[in-house]
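[1] what's the 3D shape of this:
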Amino acid sequence: MNRRRFFQGSIAAAVAASLSSGQAFAAVLQALTQVTSSINAVTGIGGEVVLEQAAVQELSDSLRGNLLLTGSEAYDKARRVLNKSIDKYPAMIVQPSGVADIQNAVVFARERELLVAVKCGGHSFSGKSTCDGGMQIDLSKFRGVRVDPRSRTAYVDGGSLLAELDHEAMAQGLVTTAGTVSHTGVGGLTLGGGFGRVARRFGLALDNVTGVDIVTADGQLRHASADENPELYWGVRGGGGNFGVVTSFEMSLHPMQRQIIGGDVIWPLSAARDVMRFYSDYGKTIPDDLYLDLAMIAPLQNSDAIIMLHACYSGPADRTDKVLGPIGEFGKPIANTIKPMDYVAIQSSWDDTDPRNDGEYLKSGFTSEITDELVDALVDGFEPHPDRTTQVFFQCSGGAIARVPADATAFAHRYASHTVFTVVSWKPGVDRDPHVRYIRNYWNEVDPHTRGFYTNEVADEAQTVVNANYQGNFDRLLRIKEQYDPTNLFRLNANIRRTA
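    Down below sits the predicted model:
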């Protein structure tokens, strides 16, 4: 018998006999996460540092949440992100249960200059929410949404997922922009922008943020709004995770009926060029209450490739035929699933389109017009392959998003009519290199037809490219960064820093 496991089991049994189930679990977890040695870790600039056993134990003892170290099932689950090709091992993982835990973790990391990753939903395609050798702050135990229907405000804990926000808000007949995949983290989506099925009608997620509570790099909890720390409030709305860990969002809500009209119209891949041109022309005429995306998909194993439009119409019911009729009538579709739907249901309808057990690589950019040259580049370079799923995806913008001045928030890309993505995914055990190389080469042909990229999709771009992507807002963002995070503790993001 393994003596260590026997001893741990004895502890668990003894504690459980004298405590309630909730108390027993907490006590057992504390007993099983005793720090037994010093820990080798890395700093933000890649140096080595030894975390003394006593200091790590002191951090663990200060938490109401969990400190996870290598070798446990909980650690192995927490370190993973949605993109399964990202396989990193933090030196430690803090799972805070409240603001004080986040403050303690940030102070510990700052004093030792640790590399820090912050994970909410784990959706970062490039794995920015985990790290090798640093501290991961995993917000998965810090979730909750409260809706005040009178003030039409949602109060959202920093680790919450979009599904929780949609569920609570829609129960009161209210809504705010909340992405297109319900297991996305509110924090990651909102701080970088926040597109969604009602964004053309109500603006980006960040346009609906009226205030945040945020733990900055000095460990202080600050409130940022139009009246309090207004520069920080401006910066967090588009500056991503550069300024700290947001512990709470205050978000404006809007009345909306629960039933919308939504679904997909699908054509064979042979119609791709015509469908893209229809999408470009028709998209210039649609009302703000119609969200319309395009996807061109070649699945694994040489299954039939398709091109499709995805619609979500939340406007007046008596205008449905006029608004959506042209989509179903165009060309010769092979399927049309557009029908009345529950809004919360359509918000989770794409939950399985993000990678679960697959590796994935993505390149993206904004465009202000879907030109014939862009269409040609996308269609001519699209190559199905039996060992990968290849996708091109347009996410529409415009409407209320475009009516906000470029310098009103840190999000500068108000000119965009669409975001265009090129994505490849592959099964575990498949060599990633040829597929990643394909998308990079493909994107080289598409990139000249784009301007800027979505900061939430930052991958391996050079620092000069990242800085330039903030456009006219960069200098102001840099001043805010240097005020609230002068040592660049929060660097695993679309990082704001000087290049000279």
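[2] where do the helices sit along the stretch 301-450 of the chain?
    Remark: helices assigned in the stretch 301-450 of the chain by DSSP state H, counting those that start in this stretch are 320-329, 343-347, 372-381, 433-446.
[3] and the chain, what are its domains?
    Domain assignment for the chain, taken from automatic domain parsing, gives 33-141, 145-255, 259-457.
[4] figure out which of those is closest to residue 495.
    Closest approach to residue 495 among the domains of the chain is made by domain 145-255 (6.6 Å; C-beta to C-beta). Backbone N, C-alpha and C define where each C-beta goes, glycine included.
[5] pLDDT-wise, which helix or strand of this structure ranks last?
    Least confident helix or strand of the chain, by mean pLDDT, DSSP states H and E, is helix 3-18 with a mean of 37.
[6] excluding its backbone neighbours, what's nearest residue 253?
    Once flanking residues are discounted, residue 253 sits nearest to residue 174: 3.8 Å by C-beta to C-beta, 6 or more residues apart in numbering.
[7] if I look at that neighbour, how far off is residue 194?
    Separation of residue 174 from residue 194 (C-beta to C-beta, to the nearest Å): 17 Å.
[8] same question for residue 55.
    Residue 55 is 38 Å from residue 194, by C-beta to C-beta.
[9] the two: who's more crowded?
    Neighbour comparison, residue 55 and residue 194: the larger count goes to residue 194, with 29 against 16 (by other C-beta atoms under 10 Å).
[10] which residue is the nearest non-sequential neighbour of that one?
    Counting by C-beta to C-beta, 6+ apart, the nearest residue to residue 194 once its immediate chain neighbours are dropped is residue 205, at 2.4 Å.
[11] that neighbour and residue 248, how far apart?
    Relative to residue 248, residue 205 is positioned 15 Å away (C-beta to C-beta).
[12] more neighbours, these two?
    For residue 205 versus residue 248, neighbours defined as other C-beta under 10 Å are more numerous around residue 205 (26 against 19).
[13] local confidence estimate at that one?
    With respect to pLDDT, residue 205 scores 98.
[14] same deal with residue 21?
    Each residue has a pLDDT score; the one for residue 21 is 49.
[15] how about the strands in the stretch 401-500 of the chain?
    Per DSSP state E, counting those that start in this stretch, the stretch 401-500 of the chain carries strands over the ranges 418-426.
[16] what does the stretch 1-150 of the chain give?
    Under DSSP E, counting those that start in this stretch, the stretch 1-150 of the chain gives strands at 39-42, 48-51, 66-68, 92-95, 116-119, 135-138, 145-148.
[17] select, out of these, the one closest to residue 426.
    Going by C-beta to C-beta, the one of the strands of the stretch 1-150 of the chain nearest residue 426 is strand 116-119, 23.2 Å.
[18] residues making contact with that closest one?
    For strand 116-119, contacts defined as C-beta atoms under 8 Å, 6 or more residues apart in numbering pick out 44, 78, 81, 90, 106, 109, 128-131, 134-140, 185, 187, 241, 245, 489-492.
[19] also stretch 280-292?
    Stretch 280-292 is contacted from outside by 196-201, 279, 309-315, 319, 323-324, 326-327, 330, 369-371, 375, 396, 398-400, 417-418, using C-beta under 8 Å, 6+ apart.
[20] alpha carbons only: can I get that stretch in CSV?
    The C-alpha trace of stretch 280-292 is given here as CSV (Å, rounded to 0.1, in the frame of the first residue of the first chain):
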residue,chain,number,x,y,z
SER,A,280,-20.8,41.7,-48.9
ASP,A,281,-23.5,43.4,-50.8
TYR,A,282,-26.4,42.4,-48.5
GLY,A,283,-24.5,43.2,-45.4
LYS,A,284,-24.4,46.9,-46.4
THR,A,285,-28.2,47.1,-46.2
ILE,A,286,-29.1,45.2,-43.1
PRO,A,287,-30.6,46.9,-40.0
ASP,A,288,-28.8,47.0,-36.6
ASP,A,289,-31.0,44.3,-35.2
LEU,A,290,-29.7,41.7,-37.6
TYR,A,291,-26.4,39.9,-36.9
LEU,A,292,-25.1,38.0,-39.9
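[21] and that stretch, how far out from the chain middle?
    Relative to the chain's own centre, stretch 280-292 is displaced by 25 Å; criterion: C-alpha atoms, centre = their mean, to the nearest Å.
[22] stretch 110-130 now?
    Using C-alpha atoms, centre = their mean, the offset of stretch 110-130 from its chain centre is 12 Å.
[23] list the buried residues of it.
    Of all the residues in stretch 110-130, those buried under the rule 16 or more other C-beta atoms under 10 Å are 110, 112-130.
[24] isn't residue 252 up against residue 151?
    No - the criterion here is C-beta atoms under 8 Å, and residue 252 misses it with residue 151 at 9.0 Å.
[25] pretty sure residue 168 is in a strand, no?
    No - counting by DSSP: H, G, I helix; E, B strand; the rest coil, residue 168 is not found in a strand; it is helix.
[26] if the closest residue to it other than its chain neighbours is in a bridge, with which residues?
    Leaving aside its sequence neighbours, residue 168 sits nearest to residue 145 (C-beta to C-beta, 6+ apart; 4.4 Å). Beta-bridge pairing for residue 145 (DSSP bridges): residue 156.
[27] residue 145 against residue 165, yeah?
    Yes - between residue 145 and residue 165 there is a contact under C-beta under 8 Å: 5.3 Å.
[28] can you list residues touching both of these two?
    With C-beta under 8 Å, 6+ apart as the test, residue 145 and residue 165 both reach 154, 156.
[29] compare these two and say which is more crowded by neighbours.
    residue 165 (28 against 21).
[30] residues contacting the one helix or strand that one maps to, please?
    Assigned by DSSP states H and E, residue 165 falls within helix 162-170. Identification of contacts with helix 162-170 by C-beta under 8 Å, 6+ apart yields 121, 143-147, 154, 156, 175-176, 178-179, 181-186, 189, 251, 253, 256, 258, 343-344, 347-348.
[31] ok, of those, which come out buried?
    The neighbour count (16+ other C-beta under 10 Å) marks 121, 143, 145, 147, 154, 156, 175-176, 178-179, 181-186, 189, 251, 253, 256, 343-344, 347-348 as buried among these.
[32] please tell me how far residue 310 sits from residue 350.
    8 Å.
[33] with mean pLDDT and distance to residue 338 as new columns, can the strands of the stretch 1-150 of the chain be given to me in a markdown table?
    Shown next, in a markdown table, are the strands of the stretch 1-150 of the chain (pLDDT from 0 to 100; distance: least, C-beta to C-beta, whole Å):
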| stretch | mean pLDDT | distance to residue 338 |
| --- | --- | --- |
| strand 39-42 | 97 | 51 |
| strand 48-51 | 97 | 55 |
| strand 66-68 | 97 | 45 |
| strand 92-95 | 98 | 42 |
| strand 116-119 | 98 | 36 |
| strand 135-138 | 98 | 39 |
| strand 145-148 | 98 | 29 |
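[34] out of those strands, nearest to residue 454?
    Proximity to residue 454, assessed across the strands of the stretch 1-150 of the chain by C-beta to C-beta, is greatest for strand 116-119 (18.3 Å).
[35] just checking: what are the partner strands of that closest one?
    strand 135-138 (parallel).
[36] got the residue ranges for the strands in the stretch 251-400 of the chain?
    Using DSSP E, counting those that start in this stretch, the strands found in the stretch 251-400 of the chain span residues 254-255, 259-268, 290-298, 306-313, 335-336, 339-342, 359-367, 389-396.
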